[in-house]
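K.L.:
would you be able to build a 3D model of this:
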Amino acid sequence: MMARNKMNSLYFGDNLHILREEIKDESIDLIYLDPPFNSKATYNILFKTPKGHQSDAQIEAFDDTWHWGDQTEKEFNEIEQHENTDVSEMMQALRSFLGENDMMAYLTMMANRLLELHRVLKPTGSLYLHCDPTASHYLKIVLDGVFGKDKFRNEITWKRTTAHSDAQRYGANTDIIFFYSKSNEYIFNPIYQPYEQDYISRFSHEDPDGRKWTDDNLTAKGLSGGGYEYEYKGCTSLWRCPPETMKRLDKEGRLHFTNKGGIRLKRYLDEASGMPCQSLWNDINPINSQAKERLGYPTQKPQALLERIIQASSNEGDLVLDPFCGCGTTVHASQKLNREWIGIDITHLAISLIEKRLKDAFPDINYEVHGTPKDLDGAKNLAKRVKYQFEWWACSRVNAQPYKGKKKGADSGIDGLIFFHDDKEKAKKIIVSVKGGQNVNVSMIRDLKAVVERENAEIGLFVTLVEPTRPMKQEATKAGYYKSINLQTNFPKIQILTIEGILSGENPQYPPEKSWGGHTFKKAQRESKGDGQKDLF
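P.N.:
Below is the predicted model:
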């Protein structure tokens, strides 16, 4: 018997590798993915920061641009060798048409991952791919190749923002969501929306008990397939129902006898399920600056959008996968609706944000994180492979915000920030410096002291992968102390923490956040117990 996937798990890393190495064949019930759109945009993530520090509170989350290179050529070759020859031929045709440009690189990346997503999807499963018009027309061709054009179910149009003006074109205010199933036997639970007011206004009649109704035709005249011809209470016609049904409807008070001697059927408003959800979704508001669920992640989607998709195409206990999970809306909605889930993202920034979000919303939640360092060797490996990811991970371990565009190698002497309140005045600041190299020295401590002074910060935190030297410790001690106004306690002005110590439970020393409130990731709303699957409307 094949082993099960690790349920309720976050994975850090390239989703192509994780799909191949960790996710079993035909094990996933529903896949939602919101990949980068290849729009050549750079997205900044905004953190919750106290007044006066907004300029510090952003960092490049990801660069939404793809380029043709050695890795793309390697992945294209994998597609050519894949057993799905339709995809191989289709991608070769696209390459012939587009050439080796950024769009073709993006489509190659997507095709390779969609082939893996098709593999892990159950026969009864579905996939929803969220995109914008930049590449949607090409992505649909890729999806047709991967799933088969007969497995296409819908092209959903979501009104993602209100009307606005775009220069020399119609306002672009919609996204596209492609809905495909793996087979013709797939999970689908109809979603109903409230009736529009013009439809509700048709229910203009009212029973003595206040129930609103409208009348409907009971005759079969003009319908193919015949009917039942008989007389009922003086009215003879070709009816849609047999005499026994007519008598039952009369007994239940569901017949309306008109002034002209006709008989019509009463349809009650309170018995209507609602309007079946159509492929135009204009009733789910985007996340604006005032939205309570807004976390500041650049491509965050409304939770209601994911809840609709999850309710429609999965059942309680099913397994939902998001291979580009970003700030975790899919896993949040899955947890709320009693589904199992797996989320994958290639940045520690996203994984850290999701962890904070889940713990805020579901304080008793149990889940696993895979791919992040669990010991010193793992931390060394990450530092060697991807410097800025190691810095982001180290910052998350001390509850610090990563600082500005570290991905591009900007060096201001600051890798992270921690804010705390020690009184009712302006929030205080801690500068975090992270060193992932094998050699550290006393000049690095002097540099940190200079940055703390330059930035008018209260404390400097030096995080090192290796043990500090004695001169480093002595230099840190010379910096003196920050005296807490609120607690009347001294805290070292310059503090040195090793990664090994942090992994063992050591923490920086400063007035606790709970004294006045800390400032890092924005806080997700707590979900009440029993907030399971509900009517979205």
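K.L.:
which one in the chain is furthest away from the centre?
P.N.:
Most distant residue from the mean C-alpha position of the chain: residue 234, 62.7 Å away (Cα atoms, centre = their mean).
K.L.:
what about the nearest residue to it once chain neighbours are set aside, how many neighbours?
P.N.:
Nearest non-adjacent residue to residue 234, counting by Cβ to Cβ, 6 or more residues apart in numbering: residue 261, 6.7 Å away. Backbone N, C-alpha and C define where each C-beta goes, glycine included. The tally of other residues near residue 261 (other Cβ atoms under 10 Å) stands at 9.
K.L.:
isn't residue 261 up against residue 236?
P.N.:
No: using Cβ atoms under 8 Å, residue 261 makes no contact with residue 236, being 10.2 Å away.
K.L.:
tell me the confidence at the residue farthest from the centre of the chain?
P.N.:
On pLDDT, residue 234 comes in at 92.
K.L.:
now do residue 49
P.N.:
As predicted, residue 49 sits at a pLDDT of 53.
K.L.:
and if you look at the one 10 residues further on?
P.N.:
According to the predicted model, the pLDDT of residue 59 comes to 46.
K.L.:
what about residue 461, which helix or strand?
P.N.:
Residue 461 is located in strand 459-464, with elements delineated by DSSP states H and E.
K.L.:
may I see the buried residues of the helix or strand just after that strand?
P.N.:
Using DSSP H and E, the helix or strand that follows strand 459-464 in sequence is helix 470-478. Residues of helix 470-478 classed as buried: 472, 475-476 (neighbour count, 16 or more other Cβ atoms under 10 Å).
K.L.:
please save the CA atoms from helix 470-478 in CSV.
P.N.:
Extracted in CSV, the C-alpha atoms of helix 470-478 (Å, rounded to 0.1, in the frame of the first residue of the first chain):
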residue,chain,number,x,y,z
ARG,A,470,36.3,36.7,22.4
PRO,A,471,37.1,40.2,21.0
MET,A,472,33.6,40.3,19.4
LYS,A,473,32.0,39.5,22.8
GLN,A,474,34.2,42.2,24.5
GLU,A,475,33.3,44.8,21.9
ALA,A,476,29.6,44.0,22.3
THR,A,477,29.9,44.4,26.1
LYS,A,478,31.5,47.8,25.7
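K.L.:
tell me what it is packed against?
P.N.:
helix 442-454, strand 494-498 (3 or more Cβ pairs under 8 Å, 6 or more residues apart in numbering; DSSP states H and E).
K.L.:
who touches that helix?
P.N.:
Applying Cβ atoms under 8 Å, 6 or more residues apart in numbering, the set of residues contacting helix 470-478 from outside is 440-442, 444-446, 449, 462, 492, 494-496.
K.L.:
quick one: low-confidence parts of this protein?
P.N.:
Applying pLDDT under 70 to the chain flags the ranges 1-4, 37-65, 163, 287-299, 404-411, 513-524, 528-537.
K.L.:
quick one, longest strand in it?
P.N.:
strand 121-131 (DSSP state E).
K.L.:
check the offset of the helix or strand that that one is followed by from the chain's centre.
P.N.:
Remark: after strand 121-131, the chain's next helix or strand is helix 136-147, criterion DSSP H and E. How far helix 136-147 lies from its chain's middle: 22 Å, per Cα atoms, centre = their mean, to the nearest Å.
K.L.:
for the stretch 1-150 of the chain, which segments count as helices?
P.N.:
15-22, 70-80, 85-98, 102-120, 136-147 (DSSP state H, counting those that start in this stretch).
K.L.:
tell me which other helices or strands the fourth one touches.
P.N.:
So that's helix 102-120. helix 15-22, strand 28-33, helix 70-80, helix 85-98, strand 121-131, helix 136-147.
K.L.:
what do you get if the cut-off is 7 Å, keeping everything else the same?
P.N.:
Packing partners of helix 102-120 (3 or more Cβ pairs under 7 Å, 6 or more residues apart in numbering; DSSP states H and E): helix 15-22, helix 70-80, helix 85-98, helix 136-147.
K.L.:
now residue 114. Nearest residue, chain neighbours left out?
P.N.:
Nearest residue to residue 114 in three dimensions, chain neighbours excluded: residue 146, at 4.7 Å (Cβ to Cβ, 6+ apart).
K.L.:
quick one: residues contacting residue 146.
P.N.:
The contact partners of residue 146, by Cβ atoms under 7 Å, 6 or more residues apart in numbering, come to 84, 87, 114-115, 118.
K.L.:
pick out the residue nearest the middle of the protein.
P.N.:
Nearest to the mean C-alpha position of the chain, counting by Cα atoms, centre = their mean, stands residue 329 at 3.3 Å.
K.L.:
thinking again about what came up before, so can I have JSON lines of the helices of the stretch 1-150 of the chain showing distance to residue 351?
P.N.:
Formatted as JSON lines, those follow (distance: least, Cβ to Cβ, whole Å):
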{"stretch": "helix 15-22", "distance to residue 351": "12"}
{"stretch": "helix 70-80", "distance to residue 351": "22"}
{"stretch": "helix 85-98", "distance to residue 351": "30"}
{"stretch": "helix 102-120", "distance to residue 351": "19"}
{"stretch": "helix 136-147", "distance to residue 351": "26"}
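K.L.:
most packed of those helices?
P.N.:
helix 102-120 (a mean of 22; mean count of other Cβ atoms under 10 Å).
K.L.:
what's next to it, contact-wise?
P.N.:
Contacts for helix 102-120 (Cβ under 7 Å, 6+ apart): 15-16, 19-20, 23-28, 31, 35, 38, 65-68, 72, 75-76, 78-79, 82, 84, 87, 91, 94-95, 98, 127, 135, 138-139, 142-143, 146-147, 182, 323.
K.L.:
any chance you could map the strands in the stretch 151-300 of the chain?
P.N.:
152-159, 174-181, 192-193, 205-206, 212-216, 228-232, 235-239, 255-257, 263-268, 275-276, 280-281 (DSSP state E, counting those that start in this stretch).
K.L.:
adjacent strands (with direction) for the third one?
P.N.:
Going back to what we said before, that points to strand 192-193. Based on DSSP bridges, the pairing partners of strand 192-193 within the sheet are strand 275-276 (antiparallel).
K.L.:
the spatially closest residue to residue 217 that is not a sequence neighbour: neighbouring residues, count only.
P.N.:
Leaving out its chain neighbours, the residue that sits closest to residue 217 by Cβ to Cβ, 6+ apart is residue 264, at 6.5 Å. Per other Cβ under 10 Å, the neighbour tally for residue 264 reads 16.
K.L.:
residue 264 contacts residue 215, correct?
P.N.:
Yes: if you go by Cβ atoms under 7 Å, residue 264 and residue 215 touch, sitting 4.0 Å apart.
K.L.:
need the overlap of contacts for the two.
P.N.:
residue 256.
K.L.:
so what strands line up beside the longest strand of the chain?
P.N.:
strand 28-33 (parallel), strand 174-181 (antiparallel).
K.L.:
quick one: the last one to helix 102-120, angle?
P.N.:
With axes from the mean of the first three to the mean of the last three Cα atoms, to 10 degrees applied, the angle from strand 174-181 to helix 102-120 works out at 40 degrees.
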